[in-house]
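Colleague: what follows is a predicted protein model with its sequence.
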Amino acid sequence: MIETIKLIAGILILLGAFLFLASTFGVIRLPDVYTRNHAASKSTTLGAISILIGTCIYFYAQHGHFNSRLILAIFFILLTAPVAGHLISRAAYNTNVKLWKNSSEDDLEKARMAKRKE
């Protein structure tokens, strides 16, 4: 039973490492700040949470030690990473960083134009 739990923990840790790697490629390869920010915030958040859950499971199964700090770290990452990603994108938009030339729509500009007409 413990070997199965260790295998699950190892898979979660490897999944987290893969998500970090995917995030790195996304930041390098994507064309503008908005898509890069999306890649960095989404997959990095999932990768960090996956690694922390795998670590928590491993130490609980192997040593019988439950670390509440890991659960708090998961909570704070879930709370802060999406907000930080949103604020970075909003700051880029408000400082007139241009969208990628092949972007099809700018929904925020449409909303601002509608608000100005009122």
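Modeller: In hand now; what should we look at? Residues are numbered from 1 along each chain as shown.

Colleague: give the buried residues for the helix or strand residue 24 falls within.
Modeller: In the assignment (DSSP states H and E), residue 24 maps to helix 2-29. Under the neighbour-count criterion of 16 or more other CB atoms under 10 Å, helix 2-29 has 9, 12-13, 15-16, 19-20, 22-23, 26-27 buried. The way it works is simple: take the backbone N, C-alpha and C, and place the C-beta from them, glycine included.

Colleague: and stretch 109-118, by the same measure?
Modeller: Buried-residue list, stretch 109-118, by 16+ other CB under 10 Å: empty.

Colleague: for residue 44, give me its contacts.
Modeller: Listed by CB atoms under 8 Å, 6 or more residues apart in numbering, the contact partners of residue 44 are 19-20, 23, 81.

Colleague: any idea of the mean pLDDT in the helix or strand in which it is found?
Modeller: In the assignment (DSSP H and E), residue 44 maps to helix 33-63. For helix 33-63, mean pLDDT rounds to 92.

Colleague: would you mind listing the buried residues in that helix?
Modeller: 33-37, 39-58, 61.

Colleague: likewise for stretch 92-106?
Modeller: Quick answer for stretch 92-106 (16+ other CB under 10 Å): 92-93, 99.
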